[in-house]
Every structure is written in C-alpha cells, then in structure tokens.
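Student: Sharing a sequence plus its predicted fold:
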Amino acid sequence: MAPPIERIHRVVATDCGSTTTKAILIENQGGVFRQTFRAEAPTTVESPFADVTIGVTNSVTELQELSGYRLINDDGTIIRRSSPDDKDGCDVYISTSSAGGGLQMMVAGVVREMTAESAKRAALGAGAIVMDTIASNDRRKPHEQIQRIRELRPDMVLISGGTDGGDRKKVVEIAELIAPARPRPRFGSEYQLPVIFAGNREAQPRIREVFGGPGFDLSIVDNLRPTLEQENLGPARERIHDVFLEHVMAHAPGYDKLIAWTDAPIMPTPGAVGDILQTIAKGRGINVVGVDIGGATTDVFSVFNGIFNRTVSANLGMSYSISNVCAEAGMANVLRWVHLDMDERELRNRVKNKMIRPTTIPQTREALVFEQAVSREALRLAYVQHKAFATTLKGVQQQRGVGDAFSQEEAGKSLIDDMHLDLLVASGGVLSHAPRMEQTAAMLIDAFEPCGFTELAKDSIFMMPHLGVLASVHPRAAMEVFERDCLVPLGWCVAPRGEAKAGKPVLKWSMRRSSGSSESGTMAGGELKLVRLADGERATIEVQPERGFDMGAGPGKPVTREVRGGSVGVIIDARGRPLPLPADPSAMRRAALAEVTALELYPD
Amino acid sequence: MRRVTAPVRMLAIAGILLGCIAAAPAGAVPPPSSVRAEDAPGDMGEALTVTWAWEGPDGEVTGFRVMTLRVVADSAGDMRATEWILAGETSPDTRAMTIGKLERGTAYQVKVVALGAGGQAAEAGAAAPATPHMNWFIARKATLAWWIFGVSVAIVGSVLMAWKGVPMRVRRIAALEAVDDAVGRATEMGRPVLFIAGIQDMDNVQTVAGITVLSRVSKTAAEYDATVEVPTSRSLVMEAAREAVQASYLSAGRSDSYNPDLIRYITDEQFGFVAYVSGRMVRERPAACFYMGCFFAESLIFAETGNSIGAIQIAGTAESAQLPFFVAACDYTLIGEEFFAASAYLSGEPLQIGSLRGQDVCKAAAGGFIIAGVAAKTLAALGVGGAAAAAAWIMAGLGA
C-alpha cells in the first residue's frame, strides 16, 4: 500500500523485461520530481535462478551503489523510509513486468469487427499480446477454431459478444467451443485458466454453466458493448490487471515475492506505457502517438481525442522479425531510404544475419543506413496497421441530413488524423540508440508522415513503463519526470498536406526566435530544410502554404505556431503528404541523398 | 346601269388576254428536261429523289415546282392515277429535290414545272414512275451508328482490358461497404435483417438490381448466421428472392440454415403491403433494414419507421422523387446509377467491371460534348467568331 502522496519523495521503479531488469530512482529535488539514477541487471525469471526478485535486487543494488543511498536490506528486500528525514530507503517501490513473454491472451466475440474487436482493444489496452481472436464470422469452421484454441497456450481468455439484451445464442456457442477445447495454460496443468466474460448480461447464467467445471476460473464483468453505440472497456481492463496479478504473476517464478514488495499493483509493461501516454495526453490536452520498436514486435500507442488505442505488430521488428519486414515491405521499398550504392544480395545476407544474431549492432555506415531504412518500413507498416485498428465503432446507426447525399461516411473511420497529431514519441533500440538525433527524427518523419506542426521526442532510457505505474500512485511526479527526464525533445516537423511537384512552390515560412533574431525562406516541392533551434529556445513560426497545401487551417491558409527547440530543431518538410517517392531507382537515390544532406544525417 | 350582253363580255375577256400576251416577254419559258425520279438512297422507303435539267437565260424562271401523282391499282387491278399534288418548290438554281412522306412501295409519277418570271409556266414529266423502297442503312442516322459503335468499342475494350488484368478502380460505395456493418449489428443484437426489394414486379429493372443486392446481404447473413426476412409484394419477386437467397446460403456453406418461409408474398396492394411491413418492423424491431428497388409513397413510411426503431437502414432506388426521403431517413443510400452499378461492385467480375467502366467512359464523352455544345452556343450568341461553326459541328456530332 503506497503512503500518502505528500509523503512520497523518493521512488524506486523497476521494469522486469525479458532480458534485463531496469531500475530507476526518482527523487523530489526542490519540489520537482526528477529521475536521478538508473541501473540494470539481467532478468532472472528463467532457470537456473527462476526467481525474478534476484534480478530486481541486483538492479536496485547497482542503483544503491550509484546513488549512495542504502536501498536493499541484507535479506534482499527493498528498504522503505520510516520518515522523510531518513537518508536510506525509498518511500515507494513499483514495478512493471514483461518477462516471460508478458501477458498472452486469447479473445473471442460474436462479430469480428464488433464485439471481438472491442475484446481485442480491451486486451491490448491492458498490455496483453493477443494470440488469436475467435469470432463467429472469422471464416473458420468450428473444428478449425477448436484446433486453434487447443494449440494456443494463453494466460487468460476474454470473451465478449452480444449487446445487453441482444444475442445470447452465438456468444454461448463460442463459450461452448472454448470450454471443451480446454486451452492448455503456460503454467502447467494445475493452473486454473482465467476466463473473463464481458458480454451480454442475459447470457451470464449460461456462461456460468459452461465454465462451471474444473480447469477454469470464470469472472464476469460489465459488457464491453452494452449497446453497439457504446464501448465500455474499463471494467474488463481492470479485471485483466487483477487476473494478471492474481493468476499469471502468482504462477511466474518469484513474482509472489515481488507482488508483496511493491506498493502498487505490478502492471504489464505495455499497459504502463499506455497509461503514461494517456496521462500526458489528458494533462496537456493533446493527441499523442507513441511507438516502441523492438526486436520481434512493434507496439504503437495512440491517444486521439481522449481515446486510447494500442496495437502490437507481432511480425515487425528489427532483429527476430527483420526478415519479415523486408518480405512484407519489399526490398524495393526498403531501398527507397538508402542513398548509398548497395548490393541487394549482400543486403539479404545482412538481414538473415541480423535475424540469427539479434544482438548485433551496425558496425559500418552502410549497415547503419540499411538498418535505419528497414526501421522506416517497419514503423510505417506498424502505423498502417494501427490506423486500421484505431477506428470509430462499427455497427452504429448514423444520423444523416439531405446534405449528406454525396458524402456518406462509413462507420469504422480511423481515429488517427495526422494533421491533429501533436506529439510523436519514439522508443526502442533503433530509435533511441541512433548515433544522431537527426536520424531518429528522420526515421519518425519518413515512417509516420506527420502533417502540420508535430512535436518529435524520444524516450531517453525507456522510462515510460516505470512512469505509467508511478502515474497510478503519484500522477504529478509521473508528469514532471516525463516532461523533464523521460522525453528528449528532438524538435518539430512542419509539413503541409498536399501533392507536391518537384520544383513547384509549396510554402513560405518565417521564424522569429525568442532571442529576437529571425529568418525566413521559400520551399519548393521535394525540399527539406533543417532550422536549428536549441533545446529550451522558443520561436514563433509562420507558414504560408501555397494553394492546394494545408497546414491545418485549410488549403492556402497561413498558420502561426510557437515551438520549442530540441536537439535537432525544426524540420520543414515540403515533400508533400502523402509522401511521394520516385519509382525510378536513380531518382529514389537522389531523393534519399537530398534528405541525408538537408538533415545532416550521416556527416563524415 | 346598262346591262352588258354575253358576246360583249367574251370579247372583253379575249381583249384582256391578248393584252396580257402582248405585255409578256417575247417567247415561252422552256420546259425542264431530263426529268428523272428515283428511290432516295439511305431511307426507310418514304422518299424519292427528283433531278432535272433546264436550259435558259438567268432570271427567266423564278423557281421550279415539283408535283407528284400517286399511281394506285383500282379494284379491277388496273393502274389508275390520282390527282397531282404539290411536293414542293425550289429556287431557280436548284436542279434536284428529295420528296418525303411518300408511301413505301407505291409508284409515283413526277413532273417539274418551270415557273416563268412573267407567270408563264412549262412543265415536263419524268419518263417513268418511281417507287420508294426501304434501304438497309438510313443515312441520316449515321451519327447514331457511330455513337453506338464508339460505345461498343469502349465497353468491349474495357471488358477485354479487365480480363487482361488491367486494374480498374471502382470508387468505394459506402452503402455497399456498410452491408457487413448492418448485418453484424443484427447479429450482435440478436434481431433479424429486413430486406424489401421494392413494390414492383420482376419486369422492373430496379427490382432486378434489388435482388442482386439481396444476394450479397443474404450471403453475409449466412456467414454471420443472422436471419433475413424478405416480405414481397409480388409473387414472382418472392420466387426470385428465394432462388437468390438459397444460392447465397449454399455458397456460404450454410445451406442447412436457409429457411424459405422467411421470404414470403404479402399482397399486391401498395398500402396493404406497407401496413404489413411497418407493423412487422415495429413488432420485430429488425436491427438492419434494406430497401432496394422501386419505391413510391411508401419510401418515407418505411424509412421513418426503421429510423424510429433504431435500425441501420440502407436504401437504393432510381426513383428520383423518393431519394431525398431515403437520404434523410436512412444511414446509407445508393443513388440512381450507384444502384445499378451495385452488381458489378459486389461481384468484382471483369465482365461487369469492364462494362461499368466502358459505360462511364461513354457518359463522360457525352457529358463533354454537351458542355462543349452549351459553351459554343453561348459564345455564338455573344458573337464570338468561329463559335457558331463549332456549335454546328458539335450539333452534327451529336446527331441533332
């Protein structure tokens, strides 16, 4: 149980990842919370240790050595301070976990695009990996569905279906498929597989009968879709967190001890990242997209108009999945971003090497350029998938007027509007550890194609998971650390929406710095410009787009915005949106070279 | 007043006539020569072409009068001429004329009268009567033939292109994309889908288009295991709908779920049918309603009732008077051409997609001609040089 907020001055947070356990120390310094020290140690959830707390103790011990505070007791537990004057110990200890593959779930619903999609959204939002989605219209025969359920080894099953007072028959049919199929859990035959039912209220008695036998632990929460016009993900997400702690964590090696140590419930790592992004979006009243590109998967988080969405692109990553990225995007698309002459055969070998030796990092400039080109495609594909998933609800009645005769918009429209994206946050090895910040900014701009004014930032040391849990204990501390230490501001991307033709004028811009100096210029189609603006420095930028180009106020209308500098500055992108790239290889090479030169990506 | 006797009157008339002769130019008007009448080419057998020659000084004639004499067989089978009828008059420079509105297969005797400037006349007849016959091609409709040829080339060409795999994009039609949404809603809510294929019979093309959409709706319903109810106001439509729905259930692999009793004939009476459907909608509260076909006064009754029960409604009709009601009360509406394009859109078959594209190409060409014609006529009215000629060329191109 966490102490009252006013007594929290020193926080230790850990994130137990699959390979490393990362610990950070957050302290109140002169009334402002800052992240002061960071340490890491190998995760010890697997044999021979088979106890996650050993890794936690090791990482916090390193933190102790760095900070000079005594944080670990002789028995390996984390010391709590008895009073604010106590020099040693911390006030709060919190943790997230993605060790052992994180939370793996199977979800089911009646219609794939409706209740099944809501179930998927609830599971992903809670930080789970969705292994499969079973629905009555998933084009699989019942025996195929049963076969699939038997193959999966989920930690938990979430079933939805039918509005309240709506369909009972099909949701019960789905339950009757799952129960006899008896999905085998990861943690042995003794494990009671948690099943969460979040469907039609009237189907609950029948569902209780179906899952009444041994082997299942059924819990029933409010319907995810009480009506098709309404999506109620909160109760299901909370229940997933509870079940994650009670069942999944309790069966993982050492987690029973870790649960006892922490002052707030342990959260799945992606769920915590989602929470901090939601806190930031709500606190600043902005739309945020966050991306975490890993070796095997890419997570994309978005908060648009207060609606949170998360997707996991399971086969898009920079090591285990790199081969799949190249196959899905096509080598030609990867090479669009490469300005050097490269042999395609050699590149294919490089891809396979990276796949079988995932921990290698680029040793040459060519390797770095190629890896960053692949990352652009991985990020682009993950974002496309995210846009397709983060949509308005389907199956909803529309209200029309006669004026809508020729513009009947469909339900299920993407919530993601690049023009209204305010902050784009990057994390993950290839983005966080790029040798130059300009490279990170360029990868983000090329993959996400932000329109209008968009702030670019990166998560300095992948601190977002820790802050996500901290937000549940001390929201102000989480916000302050996020703003000051977590985010490394890269700068701004200024890009109009519209089809740009090479050499044709696109916009005029002028920038007045807070120091008083000013500069201005004109941009033509295909051009990029980097205007340096130091971190903390402010400037007012006015952009006058040409007719047919939109900066957010409408085609041809000027927009003025105050921006804050970053390690890169302001990038004015006049290449047009959607980003056109030449099909001809030599023209492609020239375009990539122009970008490299303009943004000073790979200086000798 | 003294009475004039008959011999005196005769003398006076003769004197006037002699005076007239004395006032006329010297010599009589030469009659036309080489008068020939023959069947006019490129017509439906209702015209003759008459040609003649005339040798004489300029100004001596004011024109030529062409007359016809219909030659018909009497009851005994003998040919008998009727009276001469004026076919038309020409200017003095003209030496040919086409006489129209004649009876196909009937012989006509033709004569040409040269009209002298002084009122005198001389005539000459054709050597033989001529008979108008129907020809294989009607020359004045050549423009239409060219248009048909162009349309055919566009459609056949587009179909061939589609077959060869040339990508042809059909823009998204929201109303058809929303079929899955509507049926899904019905599935989640555990309620039926209602489909009305208009109130006309199968001879109405809109009903046929409606049945095409029904195939898609019922296939989706079969996949989702939802119920589709199809009340009809014509017995033939019921049969066609049953065929379509059964085929859809079969192709979805759910033939056992097909229930013909859900597709039933109600009544031919317009408002009797409306009363049944509206009552059923209020009682059963279907979650999705489709109105695809020919509708009249009942359109708003259906759409308002469906709206009041919270159903997703998708309508499609070519009745322009009913479209505003559907647009205002329904979630999605297929407007006019979209409705007929539905089958191509839904099937995605090269034959249908290519045909759709070919038609669109022709419509675009016709639209272009109309816009150009209006512009040319407007400019001609404003006195812009060359615009009148351009307008005439476009009019000729359109066969107007």
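Tutor: Here it is on my side, so go on. Numbering: from 1, shown residues only, chains lettered A, B, ... in the order given.
Student: what about B:Leu69, which SS state?
Tutor: Classification of B:Leu69 using DSSP: H, G, I helix; E, B strand; the rest coil returns strand.
Student: What is the subsequent helix or strand relative to the helix or strand of chain A with the lowest mean pLDDT?
Tutor: In chain A, the helix or strand scored least confidently by mean pLDDT, DSSP states H and E is helix A:250-251, which has a mean of 76. Sequence-wise, the next helix or strand downstream of helix A:250-251 (DSSP states H and E) is helix A:255-261.
Student: which intervals of the stretch 151-300 of chain A have sub-threshold pLDDT?
Tutor: A:187-189 (pLDDT under 70).
Student: re earlier: quick one: the least confident helix or strand of chain A to chain centroid distance?
Tutor: On the basis of C-alpha atoms, centre = their mean, to the nearest Å, helix A:250-251 sits 26 Å off its chain's mean C-alpha point.
Student: which helices and strands does it pack with?
Tutor: Under the contact criterion of 3 or more C-beta pairs under 8 Å, 6 or more residues apart in numbering or on different chains; DSSP states H and E, the helices and strands touching helix A:250-251 comprise an empty set. Using the backbone N, CA and C atoms, a C-beta is placed for each residue, glycine as well.
Student: Sketch out the low-pLDDT regions of the chain for me.
Tutor: Unless you meant another one, I'm taking chain A. A:1, A:100-101, A:187-189, A:402, A:405, A:604.
Student: actually it's chain B I care about, not the one you picked
Tutor: B:1-27, B:77, B:79, B:399-400.
Student: and with 50 instead?
Tutor: For chain B, the stretches with pLDDT under 50 are B:1-6, B:8, B:10-26.
Student: so what's A:Pro496 up against?
Tutor: Neighbour list for A:Pro496: A:451-452, A:506-507, A:543, A:545, A:549-551, A:574, A:576-577 [criterion: C-beta atoms under 8 Å, 6 or more residues apart in numbering or on different chains].
Student: run the last query once more with 7 Å
Tutor: A:506-507, A:545, A:549-551 (C-beta atoms under 7 Å, 6 or more residues apart in numbering or on different chains).
Student: do the same with A:Val56
Tutor: Contacts of A:Val56 by C-beta under 7 Å, 6+ apart are A:14, A:16, A:21, A:258.
Student: Out of the residues you listed, give me the one that has the most neighbours.
Tutor: Of all the contacts of A:Val56, A:Thr14 has the most neighbours under the rule other C-beta atoms under 10 Å in any protein chain shown, reaching 33 neighbours.
Student: Which strands and helices lie in contact with the helix or strand harbouring that one?
Tutor: Element membership for A:Thr14 (DSSP H and E) is strand A:10-16. Using 3 or more C-beta pairs under 7 Å, 6 or more residues apart in numbering or on different chains; DSSP states H and E, the elements in contact with strand A:10-16 are strand A:20-29, helix A:52-67, strand A:92-97, helix A:464-473.
Student: And B:His265, its phi and psi?
Tutor: In this structure residue B:265 is Tyr, not His. phi -90, psi 130 (degrees, to the nearest 10).
Student: close enough to count as contact, A:Thr360 and A:Val351?
Tutor: No - using C-beta atoms under 7 Å, A:Thr360 is not in contact with A:Val351, being 11.8 Å away.
Student: Which one's more surrounded, the two?
Tutor: Neighbour comparison, A:Thr360 and A:Val351: the larger count goes to A:Val351, with 20 against 13 (by other C-beta under 10 Å).
Student: That one reaches A:Ser321, doesn't it?
Tutor: No - look at A:Val351 against A:Ser321 with C-beta under 7 Å: they stay out of range, at 10.6 Å.
Student: how near is A:Gln544 to chain B?
Tutor: From A:Gln544 over to chain B the distance is 33 Å, taken as C-beta to the nearest C-beta, to the nearest Å.
Student: partner residues bridging that residue?
Tutor: Taking DSSP bridges as the rule, A:Gln544 bridges to A:Lys508.
Student: check contacts around it.
Tutor: Residues counted as contacts of A:Gln544 (C-beta under 7 Å, 6+ apart) are A:507-508, A:558.
Student: can you check B:Val50 too?
Tutor: Neighbour list for B:Val50: B:37, B:66, B:96-97, B:99, B:110, B:112 [criterion: C-beta under 7 Å, 6+ apart].
Student: No further questions, thank you.
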